[in-house]
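Enquirer: need coordinates for the below:
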Amino acid sequence: MIRSMTAFARQETQGEWGGLTCEIRTVNHRYLEPSFRLPETLRELENAFREHLRKTLGRGKVDVGMRLQSSETADAGLMVNEQLADSLNDAINHVNRMLDNPAHISAIDILRWPGMLERQEPDLTPVKVAADELFRRTVEDLVLVREREGERLRPLFEERLDAMAERVARVRERMPQLLEAQADVLRERFRAASVELDPDRLSQEMVLLAQKSDVAEELDRLDAHLGEIRDTLQRNDAIGRRLDFLMQELNREANTLSSKSIDADVTRTAVDMKVYIEQMREQVQNLE
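Expert: Next up is the predicted model:
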C-alpha cells in the first residue's frame, strides 16, 4: 500500500458538555514525530494519543490540535460551604447579642468570607471519552487520506519501472552486437597499425574487452531491483524507507552501466534510467 506522508484530517463532535474539534496535519519526516496542542483539561490524554499514533502511522511529522468549546451548562458552578456558614451565623448572632446597636450583616457579606464559596468542578469523564473517540476517528480519516494521496503516485512508479525494464531488455539484446562491433574496431586498429594479427594476442584483447564491457551482472541486478520495487509497492506496511534504499541501489547500477558503456545508445539509456530514478526518488521521500 502506497501512503503519502502529507495529509490533513478534521473531525468534530458535540455533546451536552459542549463541542470538540480535532485537526491533524502530517508532512514528510524521517521518523515519526508527533506534537500536540490540547486543552489543559484533556492534557492527560496525550500519552494515549501518542501511543495510538505509534501503532497507526509509520513515520512523518504529525501536528495534532484539539479545541474544546464548553457549553454554559457545563461550566463549573459555585457551592456554599454550609457548615462554615452555620458557624459564621452563630458567631454573628452571638456577637450581636453582646452589642447595643449591632450592624446588619447581609448575605453578600457572608459570601465574601474566605472559604465560604467553593468551586464545583464539572465531571470531565464524558468529555474525555468523546475526545478519545474523536481523536481515533480523525486518525482513521487521516490514514485514508494518506492512502488516497499515495495511490495517486502508483501510475508514476509503474510508468517509470516499465520504461526502465524496457531499456534494460534493449541493452541486453544489443550487447552481443556491440561486443562484435568493438571486436571489429579492435581488428581494424591492428591492421591500421600494420601489426600482424596474432590470434592469441587478439583473443587476449577480446577477453579483456569483454570483461571491461560486460554489463550482464548490472542488467541482472537492475531487473532484480525493478522486480523488488514492484513487490514492495504491493505491501501493506510502510514502504518508504525500503523504496529509498532500492532507489540508491538502482542508481548505483545505472552509474556502473554508464561507466562500462561502449556505445552512445547505452550511455543515453543509462542517463534515461538515472532521470527515471531521480523522479521516483523525489516521490519516495514523501512516502510513509
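
Enquirer: could you count how many residues lie near the residue nearest to residue 161 when sequence neighbours are not counted?
Expert: Counting by CB to CB, 6 or more residues apart in numbering, residue 226 is the residue found nearest to residue 161 once chain neighbours are left out, at 5.5 Å. (Glycine included, C-beta is placed from N, CA and C.) By other CB atoms under 10 Å, the residues close to residue 226 number 18.

Enquirer: can you check residue 69 too?
Expert: Residue 69 is flanked by 13 other residues according to other CB under 10 Å.

Enquirer: element containing the residue nearest to residue 161?
Expert: Taking DSSP states H and E as the criterion, residue 226 maps to helix 216-233.

Enquirer: now do the one helix or strand residue 93 maps to: distance to the chain's middle.
Expert: Assigned by DSSP H and E, residue 93 belongs to helix 82-98. Centroid separation for helix 82-98 versus its chain: 67 Å, with CA atoms, centre = their mean, to the nearest Å.

Enquirer: next SSE downstream of that helix?
Expert: On the C-terminal side of helix 82-98, the closest following helix or strand by DSSP H and E is helix 107-111.

Enquirer: how about the contacts made by the residue nearest to residue 161?
Expert: 161, 164, 165, 168, 250 (CB atoms under 8 Å, 6 or more residues apart in numbering).

Enquirer: follow-up on the earlier one: other residues contacting the helix holding residue 93?
Expert: Identification of contacts with helix 82-98 by CB under 8 Å, 6+ apart yields 102, 105, 110, 113, 115, 116.

Enquirer: between the residues you listed, which is nearest residue 139?
Expert: Set against residue 139, the nearest of those by CB to CB is residue 115 (45.0 Å).

Enquirer: can you confirm that closest one is in a strand?
Expert: No. Using DSSP: H, G, I helix; E, B strand; the rest coil, the secondary structure at residue 115 is coil, not a strand.

Enquirer: how many neighbouring residues does it have?
Expert: 8.

Enquirer: so who does it touch?
Expert: 81, 84.

Enquirer: how close does it get to residue 287?
Expert: Going from residue 115 to residue 287 by CB to CB, to the nearest Å gives 61 Å.

Enquirer: and for residue 16?
Expert: Residue 16 is 43 Å from residue 287, by CB to CB.

Enquirer: most widely separated two among the contacts of residue 226?
Expert: 165 and 250 (11.6 Å).

Enquirer: out of the two, name the residue with the larger neighbour count.
Expert: Taking neighbours as other CB under 10 Å, residue 165 and residue 250 compare with residue 250 leading, 24 against 15.

Enquirer: next, the buried residues of the helix or strand hosting the more buried one.
Expert: Element membership of residue 250, judged by DSSP H and E, is helix 240-259. Of the residues in helix 240-259, 240, 242-243, 246-247, 249-251, 253-254, 256-258 count as buried by neighbour count, 16 or more other CB atoms under 10 Å.

Enquirer: could I get the CA-only coordinates of it as CSV?
Expert: What follows is helix 240-259, C-alpha atoms only, in CSV (Å, rounded to 0.1, in the frame of the first residue of the first chain):
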residue,chain,number,x,y,z
GLY,A,240,9.1,4.5,2.1
ARG,A,241,12.5,3.6,3.7
ARG,A,242,12.7,0.3,1.7
LEU,A,243,12.0,2.1,-1.6
ASP,A,244,14.5,4.8,-0.7
PHE,A,245,17.2,2.1,-0.3
LEU,A,246,16.2,0.4,-3.6
MET,A,247,16.4,3.8,-5.4
GLN,A,248,20.0,4.0,-4.2
GLU,A,249,20.8,0.5,-5.5
LEU,A,250,19.2,1.3,-8.9
ASN,A,251,21.2,4.5,-9.1
ARG,A,252,24.4,2.5,-8.3
GLU,A,253,23.8,0.0,-11.1
ALA,A,254,22.9,2.8,-13.6
ASN,A,255,26.2,4.5,-12.8
THR,A,256,28.1,1.3,-13.4
LEU,A,257,26.3,0.7,-16.7
SER,A,258,27.2,4.2,-17.8
SER,A,259,30.9,3.7,-16.8
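
Enquirer: report the mean confidence score over the next helix or strand after it.
Expert: As assigned by DSSP H and E, the chain's next helix or strand after helix 240-259 is helix 264-284. Helix 264-284 shows a mean pLDDT of 92.
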